[in-house]
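Chemist: here is a sequence with its predicted model. Questions after.
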Amino acid sequence: MKQKVVSSLAESVGTLWRELQKQYTQQGNFFVASPLSSTPLPIYDWIIKNAHTFTNWEKTKFVLMDEMLEGEKHLFSYVPITDPASYEGFALKHFLNPLSEKVSVNKEVIKPEITTIQSFKTPLDLLILALGMKGNYANVMPGMSEQTGWHISHLIPEFRQSHTQEGSSSYEGANFREYGMSLGPQQVLNAKHVIVIISGEKKRELGKKLLSYKSFDPEFPLSIIYHPKVADRVEVFLTKDVLE
């Protein structure tokens, strides 16, 4: 695992994304999954601003790594993209629609069908993860086995509340459901490149806790980056205020 302290999370991650996009689209499609919260917004803004310096946007596919669900048991469905709690709606508003206008290529999301979620096999060439309040990433909650792939997750109350706290993100006022779709540890272990982004004083203690791990602890989900199956493909980008 590589650890990098950067002055600009947006430029550092955006530049690496650009390099990987060029590399992978020379031979085929480039599948990317990235978090939909306040943390990556500067990255999306940087990419949109510099979109003309990227190659082959038509071969770049955005995979929705998690989403809110309505219903229960075997009757789940995705919330409408017009719902304030929709991650897909967030992606369209803050990244994909502005990007589409800039590059004149219609950018949509790829996501699994709920009824066949475990059979969703789209590979991830680049997986970007943000550090959540309980060490979670995407909708992966504490205690999740490393054998888990795409799944339906029962979301803990603290996670749901953190998304709508004042100033936390553009989800303010949204009604977050009890269940969500999510990729799992298996997608992390099989991704070709994994980037973890940690920024801001509010993430200082969580960031230090993540960096204190030496191996995977399911009770702190993002510690999966220390798993020997993926550790050599992980880069952690931190801003200086996380370590001060």
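Modeler: Received, thanks.

Chemist: and the pLDDT for the nearest residue to residue 138 once chain neighbours are set aside?
Modeler: Spatial nearest neighbour of residue 138, excluding adjacent residues (Cβ to Cβ, 6 or more residues apart in numbering): residue 66 at 4.1 Å. Backbone N, C-alpha and C define where each C-beta goes, glycine included. Residue 66 is assigned 97 on the pLDDT scale.

Chemist: where does this structure have low pLDDT?
Modeler: Filtered on pLDDT under 70, the chain yields the residue ranges 163-170.

Chemist: which stretches in it count as helices?
Modeler: In chain order, the chain shows helices spanning 9-25, 41-49, 87-91, 97-103, 157-162, 185-190, 204-211, 240-243, with DSSP state H as the criterion.

Chemist: which elements pack onto the fourth one?
Modeler: Using 3 or more Cβ pairs under 8 Å, 6 or more residues apart in numbering; DSSP states H and E, the elements in contact with helix 97-103 are helix 41-49.

Chemist: which other residues reach the helix it packs on?
Modeler: Residues outside helix 41-49 that contact it (Cβ atoms under 8 Å, 6 or more residues apart in numbering): 9-11, 13-14, 17-18, 34, 54, 94-95, 98-99, 102, 128, 197.

Chemist: mind doing that once more with 10 Å?
Modeler: 8-15, 17-18, 21, 34-36, 40, 53-54, 90-91, 94-103, 128, 169-170, 195, 197, 199, 237 (Cβ atoms under 10 Å, 6 or more residues apart in numbering).

Chemist: just the buried members of the residues you listed?
Modeler: 9-10, 12-14, 17-18, 21, 34-36, 40, 54, 90-91, 94-96, 98-100, 102-103, 128, 169-170, 195, 197, 199, 237 (16 or more other Cβ atoms under 10 Å).

Chemist: from the centroid of this protein, which residue is nearest?
Modeler: residue 35 (2.6 Å; Cα atoms, centre = their mean).

Chemist: who does the residue nearest to that residue when sequence neighbours are not counted bridge with?
Modeler: Using Cβ to Cβ, 6+ apart and skipping residues adjacent in sequence, the residue nearest residue 35 is residue 130, 4.1 Å away. Going by DSSP bridges, residue 130 is paired in beta bridges with residue 197.
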